[in-house]
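Novice: This is the structure alone, sequence omitted:
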């Protein structure tokens, strides 16, 4: 198997770079819980209370059930238990239950004693003891003892501690209003507070939230706390929400007969599923907590006209509210909502309030997205100050938590300050061996030449935007020609053919137009076009699909799309950015890190192939297949890549066709060596960067992929060694420079490495912040080395990774993750254009039908970086 498993045992931290101190959003756990805890399974199929609650509201409602369970059975639940909102409950002492199991009936509204006397139906909860947990089992792991592993007991202990920490702010929220308890809206690791929210338009709000997670680090546990945010429906009067969403300022627009069916349908899609309650109290049951119901539909009925049977007579809704609540309906002609799936429970919007803190899960408009990004991107100082302020206030309330206090777990009150290093900036080599020193992680192509500029003797321009004049299109083409020529590309100065395309029609119609453009270029320049420039309207998904399918799969002709808004504002910088893509797409190299770097010398002396791999999944509302993508380098400078893609079963994270993809990568690497160096340089090693895996998938998905790759080595008789690294981007660890330090954005400088103190105690991992901050607080990439057969030193792995962040060909700056990882993501996205079934919906199609419709890359594109 491996000469090095990827463990931290015996591996020293790196030494390259300048030593610095950084603050992190992590707080050390001072004392572990001293007690043994007891774990209970909550509920069983058919009676579990989770099953009877609407989907997205499970967690919040379940917490209310849990709170009322312990109030209504206080003699049993003293001290209180901790609950994860789903299936697990933990308690520091064992419950006194026969056979360690018990059934409970819980009531959410009103007097539980009275409800039991009347034998009213409640919510059934069953608790069953399933295990004992001793958090001290983590000590061996934290100290990095030889043979220590994160087994089931250790993982369950971490889960327990996360629940204890998570419950502290939720309990404070509930305890503030015991008569009508309502916990913060929360996800598995985050909770959100309304006091820090902003309106982003269309009836939506952004709420500030706080992420909490207990993580193992060297010699200690830490509590990672971060600022987060979520989009919520606007709480309060339902009528206000509806008006804000539709952008109406006159309620008459929602009245019958003025309202149209389209408006009703749009509003129905927005409101269905929301929890609402009466604005007024029930006169027969004053003081009762609010009871929430779910909107099932928006109906074309109004309160003044809709009638139902009430007390033996026909009655309108307006009359019912006057007689029952002494309330006069103000907007009797306004459309209503239905609160029942089985019958008509029709209510006017004006008598309903929307429960605050309901998550909005759909796509935002561009304007809403811009406001959401602004709210969600605090500067590093603002982010750290927010965390510190929340820690000191009642938001987290760890010190007031009876669960933490009874367990004996204590958490420090100040964030950790830890040692780190800043790697030296890399020199960038352009054509004519000109070297440039990046400034703040960025460099410029002005007055530079590409390392390998490609000639463009033939090309064509297609214009599908009917608002773009021929003069505008010609002007942009001339600007692009000049920019490419200035960068060293031998770009023909002759006028290319301009084809005014018809954006209407099916794929066959569009493909004929592309063929015509290709033929025009061949006749004009007496040779096949190097690429075709396509000018598109702002929104043209069908044309983009047709362009890429035709160029990548059918014709084997590179294409470059630009939009109307871009070319009308095009300056030299934009033309240079297009030139970066075109040169790489048709076979060129724009720049590479200086060969004087020891990392580059190592990669050149020992033929190494770097690989990036990812799996892309369709949106949550579709079952379309997932797409796997793999890119692999072929040159010693790690600038040229080839790609493989495939479709596979939806939501499967492992790469099903990995064996064939890796075999193709090795074949293409060997072919390049023979063509360029006229000899076969045996592959010595593969550095495999895997994106998209969570920590819970390391032992299953990653280990299987390692086995597959090693099997390919054996099958092809390749004596190469493997380094397998998982790239994590969705973590919440942040680093903050000391006061007065950092880059212009207030973030740590590019090249920051953290490989001690905060890292995993037994697995080899490190954080690398390879890019300069632009907006908000930068997030370092988290690298976990699961296998290292090359036995690379820490400086070696970190140096290679840092270098690869500088070869992303379409950005003149170091990026946040290695270029092959970025490229793998781009390849997955590009592959969705390679099946007309993908873009045409294909929801009801089988996996086999999708595989049959998925088109391979044209042979002329196999060695090109078509996805750039």
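Specialist: Yes, it's here. Since the structure is predicted, the reported quantities are computational estimates derived from the model, not experimental observations.

Novice: Now tell me what touches stretch 669-682 from outside.
Specialist: 607, 609, 632-635, 640, 683, 718-719, 863 (C-beta atoms under 8 Å, 6 or more residues apart in numbering). Where C-beta positions appear, they are placed from N, C-alpha and C, glycine not excepted.

Novice: now the most centrally placed residue in the chain: how far from residue 682?
Specialist: Of all residues in the chain, the one closest to the mean position by C-alpha atoms, centre = their mean is residue 730, 6.6 Å from it. Noted for residue 730: a distance of 37 Å to residue 682, by C-beta to C-beta, to the nearest Å.

Novice: follow-up on the earlier one: out of the contacts of stretch 669-682, which sit inside strands?
Specialist: 609, 632-633 (DSSP state E).

Novice: ok, so of these, who is nearest residue 232?
Specialist: Residue 232 has its nearest neighbour among the ones in strands among the contacts of stretch 669-682 in residue 632, at 43.6 Å by C-beta to C-beta.

Novice: who's in contact with the nearest residue to the closest one once chain neighbours are set aside?
Specialist: Leaving aside its chain neighbours, residue 632 sits nearest to residue 665 (3.6 Å; criterion: C-beta to C-beta, 6 or more residues apart in numbering). If you count contacts by C-beta under 8 Å, 6+ apart, residue 665 has them with 609, 611, 630, 632, 642, 644.

Novice: Can you say which helix or strand has residue 665 in it?
Specialist: helix 658-677 (DSSP states H and E).

Novice: Ok, residue 64 next?
Specialist: Assigned by DSSP H and E, residue 64 falls in helix 58-72.

Novice: ok, back up a step: what separates the helix holding residue 665 from the chain centre, distance-wise?
Specialist: Between the centre of helix 658-677 and the centre of its chain there are 32 Å (C-alpha atoms, centre = their mean, to the nearest Å).

Novice: ok, residues contacting the helix or strand just after it?
Specialist: Once helix 658-677 ends, the next helix or strand along the chain (criterion: DSSP H and E) is strand 685-691. Defining contact as C-beta under 8 Å, 6+ apart, one finds that strand 685-691 is touched by 606-614, 702, 705, 709, 720-727, 729, 789-790, 800, 804, 817-818, 820-821, 824-825.

Novice: tell me, how many neighbours does the residue lying closest to residue 398 once chain neighbours are set aside end up with?
Specialist: Residue nearest to residue 398 in three dimensions, not counting chain neighbours: residue 168, with 5.0 Å by C-beta to C-beta, 6+ apart. Residue 168 has 23 neighbours, counted by other C-beta atoms under 10 Å.

Novice: helix/strand/coil for residue 168?
Specialist: helix (DSSP: H, G, I helix; E, B strand; the rest coil).

Novice: Just to check, it is in contact with residue 407?
Specialist: No. Counting by C-beta atoms under 8 Å, residue 168 stays clear of residue 407, with 11.1 Å between them.

Novice: And the pLDDT for the nearest residue to residue 448 once chain neighbours are set aside?
Specialist: Excluding the flanking residues, the one nearest residue 448 by C-beta to C-beta, 6+ apart is residue 430, at 4.5 Å. pLDDT, residue 430: 95.

Novice: so where does residue 216 fall, helix or strand?
Specialist: strand 204-217.

Novice: ok, now which ones touch the residue nearest to residue 368 when sequence neighbours are not counted?
Specialist: For residue 368, ignoring the flanking residues on the chain, the nearest one in space by C-beta to C-beta, 6+ apart is residue 200 at 5.0 Å. With contacts defined as C-beta under 8 Å, 6+ apart, residue 200 is in contact with 206, 231, 364, 368, 371-372, 375.

Novice: How confident was the prediction at residue 200?
Specialist: 96.

Novice: Looks to me like it is in a strand.
Specialist: Yes. Counting by three-state DSSP, residue 200 is located in a strand.

Novice: For it, give its distance to residue 98.
Specialist: 53 Å.

Novice: again, but for residue 523
Specialist: For residue 523 relative to residue 98 (C-beta to C-beta), the value is 90 Å.
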